[in-house]
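**Q** sequence unknown, structure follows:
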DNA sequence: TAGATTGTTAATCGATTAACAATC
DNA sequence: TAGATTGTTAATCGATTAACAATC
């Protein structure tokens, strides 16, 4: 069993060496990855409240999932617990950081400095430790050269040079839908490895660039479905 | 088969009567509902380009899923197509609108008038036809009584009275995490039927109120995972 | 009628949950 | 050692895909 497991090592800024294994060349399913940030959120909170251990049972009750799922998820990465004891809260938190890659800086640029762009940039600036906004870009002459959180807003014509010069990891798209694909193309050409897309369109992106969509309008419409359903139900009961 | 199907009817503003069926009392799975807004987006685009019909095959190639899935999804609601022909683009679009409940107005309030709150309010104002922002609330005295898109920003102390007076369907939370649960409690007490939550926390909400979370930080962290992975791979290949 | 494409059933795949032996 | 809780295998559940008969 252990023989076809590959060992991974991640060196933290602090020098701390994190080791974890991944079986064979298995891809970890996206549904598992999507749950990790959630686990991380709860663990971070737990670290402020108590130290030491937590069992999959306790954690599952907090989060609202099954203990089985938690153990199953962590075992994709080799298992972080100890029988009869549970999981060490802080080390579990660090393990998740290691898996998610939160052991280095990610440089981002934001394309589109409207309300949404500013909100996202501000969000990163305020909450996300390992991420920095290196540049913001917009088409509107009246806001070019103003700045937000100390980041100057540049004209979109400067994007290519900017990307060529700095090593940007992630491009954030907060433009109107009509300009999103074009923005994506330039970001890809400029060498970003990930795109965080807030425009309500599906982008065409090469295989080796990761895309994460935040389709807030889709989210609102599915909310409408449930709101409408409960209200129709109530109407029917009257 | 058809005997255990319930007929649903939705009367549009225009007087148009939409009819669709749902088998027995089956709950439609959340994964299906989540896909409807996406189908809708593509259909809306199609309506601008061509009229008449589209087959599940064509649509699947556009969207990037299987034709089987599309047919399977629509058949949860009774089937909207015609053998040998396909689906009528416009009527399919209307059917989806009907299912999602986009046949009436939804009144919303936004709690938190920071960058994010303004962005969301502006988004609704600009893009979402059936949704209106009736009020915005914040704690910071310096912005109270200013306005955004013609909506006055009120102090949070006014929330309860405001909700009691107007019939608000959806509460939108864009406060910092620390205040999100409190905001949710007041919204629930005020009778909203849905909560659209942008704070990076999981809210405790009664069963009969729908919640849709937009956990953008979770989304960013899972993007980091994939970015880190491709970059580690490239490093390994060098 | 022949061709096309749905609606629907059956087969497959993957994800979740349950169970329990291993072990701290 | 006894009790607790993991790691892991097996069973279940649900979602996706394939296949094809029904039918426009």
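**A** Ah, there it is. Only a predicted model underlies this, so the values are computations on that prediction, with no experimental measurement involved. Numbers count the residues shown, from 1 in each chain, chains lettered A, B, ... in the order given.
**Q** who's in contact with the spatially closest residue to residue A:164 that is not a sequence neighbour?
**A** If the residues on either side of it in the chain are set aside, residue A:164 comes closest to residue A:190, at 6.6 Å by CB to CB, 6 or more residues apart in numbering or on different chains. Yep, even glycine has a C-beta here, placed from its N, CA and C like the rest. Contacts were defined as CB atoms under 8 Å, 6 or more residues apart in numbering or on different chains; by that measure residue A:190 touches A:159-160, A:162-164, A:168, A:171.
**Q** low pLDDT regions in chain A?
**A** Chain A contains residues with pLDDT under 70 at A:1-26, A:236-238.
**Q** So it: which segments form each domain?
**A** Annotated domains of chain A cover A:2-100, A:106-218 [automatic domain parsing].
**Q** The last one and DNA strand D, are they touching?
**A** Same thing as domain A:106-218. No: with CB under 7 Å from any atom of the strand as the measure, domain A:106-218 is seen stopping short of DNA strand D, the closest distance being 14.8 Å.
**Q** which other residues reach the helix or strand containing residue A:40?
**A** Element membership of residue A:40, judged by DSSP states H and E, is helix A:30-49. Contacts to helix A:30-49, defined as CB under 8 Å, 6+ apart, come from residues A:54, A:59, A:62-63, A:69-70, A:73, A:76, A:89-90, A:92-93, A:96-97, A:99-100, B:200-202, B:215, B:217-218, B:221-222, B:225-226.
**Q** Please report the number of neighbouring residues for the residue in chain A that DNA strand C sits nearest to.
**A** Closest approach of chain A to DNA strand C (CB to the nearest atom of the strand) occurs at residue A:84, with a separation of 2.3 Å. Using other CB atoms under 10 Å in any protein chain shown as the criterion, residue A:84 is surrounded by 6 other residues.
**Q** Helix, strand, or coil at it?
**A** Using DSSP: H, G, I helix; E, B strand; the rest coil, the structure places residue A:84 in coil.
**Q** measure it to residue A:55 for me?
**A** Noted for residue A:84: a distance of 10 Å to residue A:55, by CB to CB, to the nearest Å.
**Q** In strands only, show me the contacts of residue A:190.
**A** Counted as lying in strands by DSSP state E, out of the contacts of residue A:190, are residue A:171.
**Q** Check the contacts of residue A:190 for burial and list the buried ones.
**A** For the contacts of residue A:190, a neighbour count by 16 or more other CB atoms under 10 Å in any protein chain shown gives the buried set as A:159, A:163, A:168, A:171.
**Q** Name the nearest residue to the second one, sequence neighbours excluded.
**A** The one in question is residue A:163. residue A:190 (2.8 Å).
**Q** The longest helix along chain A: how far from the chain's middle?
**A** Counting residues, the longest helix found in chain A (DSSP state H) is helix A:216-237. Relative to the mean C-alpha coordinate of its chain, helix A:216-237 is positioned 28 Å out (CA atoms, centre = their mean, to the nearest Å).
**Q** Report whether that helix contacts chain B.
**A** Yes: using CB under 8 Å from any CB of the partner chain as the criterion, contacts between helix A:216-237 and chain B involve A:216-231.
**Q** Show me the contact partners of that helix.
**A** Outside helix A:216-237, the residues within contact range by CB under 8 Å, 6+ apart are A:198, A:200, B:33-34, B:36-38, B:40-41, B:99-102, B:104, B:106, B:120, B:123-124, B:127-128, B:130-131, B:169-170, B:193-194, B:196, B:208-210, B:212, B:214.
**Q** Now intersect those residues with the helices, please.
**A** Mapping the contacts of helix A:216-237 onto helices (DSSP H) picks out B:33-34, B:36-38, B:40-41, B:99-100, B:120, B:123-124, B:127.
**Q** Any of those buried? List them.
**A** Restricting the ones in helices among the contacts of helix A:216-237 to buried positions leaves B:33, B:36-38, B:40-41, B:99-100, B:120, B:123-124, with burial counted as 16+ other CB under 10 Å.
**Q** and stretch A:69-84, which residues are buried?
**A** When burial is assessed from 16+ other CB under 10 Å, stretch A:69-84 yields the following buried residues: A:70-71, A:73-74, A:76-78, A:80-81.
**Q** likewise stretch A:134-148?
**A** Neighbour-count burial for stretch A:134-148, with 16+ other CB under 10 Å as criterion, is recorded at A:134-138, A:143-144, A:148.
**Q** Let's see the distance spanning that stretch from one end to the other.
**A** The distance separating the two terminal residues of stretch A:134-148, taken as CA to CA, to the nearest Å, comes to 11 Å.
**Q** was I right about residue A:111 contacting residue A:172?
**A** Yes: with contact defined as CB atoms under 8 Å, residue A:111 reaches residue A:172; the gap is 6.8 Å.
**Q** who's more crowded, the two?
**A** Neighbours per residue (other CB under 10 Å) separate residue A:111 from residue A:172, with residue A:172 holding more: 30 against 27.
**Q** hey, what's that one bridged with?
**A** residue A:110, residue A:196 (DSSP bridges).
**Q** From residue A:208, how far off is residue A:28?
**A** From residue A:28 over to residue A:208 (counting by CB to CB), the distance is 18 Å.
**Q** Please identify which of the two sits among more neighbours.
**A** Under the neighbour definition other CB under 10 Å, residue A:28 and residue A:208 were set side by side, and residue A:28 has more, 16 against 10.
**Q** Give me the three-state assignment for that one.
**A** If you use three-state DSSP, then residue A:28 falls in the coil class.
**Q** Could you find the closest non-adjacent residue to it?
**A** Of all residues beyond its chain neighbours, the one nearest residue A:28 is residue A:76 (5.3 Å), with distances taken as CB to CB, 6+ apart.
**Q** Equivalent analysis for residue A:104, please.
**A** Computed as CB to CB, 6+ apart, the closest residue to residue A:104 that is not its neighbour in sequence is residue A:130, at 6.8 Å.
**Q** Tell me, how many residues neighbour that neighbour?
**A** Here the number of neighbours of residue A:130 (other CB under 10 Å) works out to 17.
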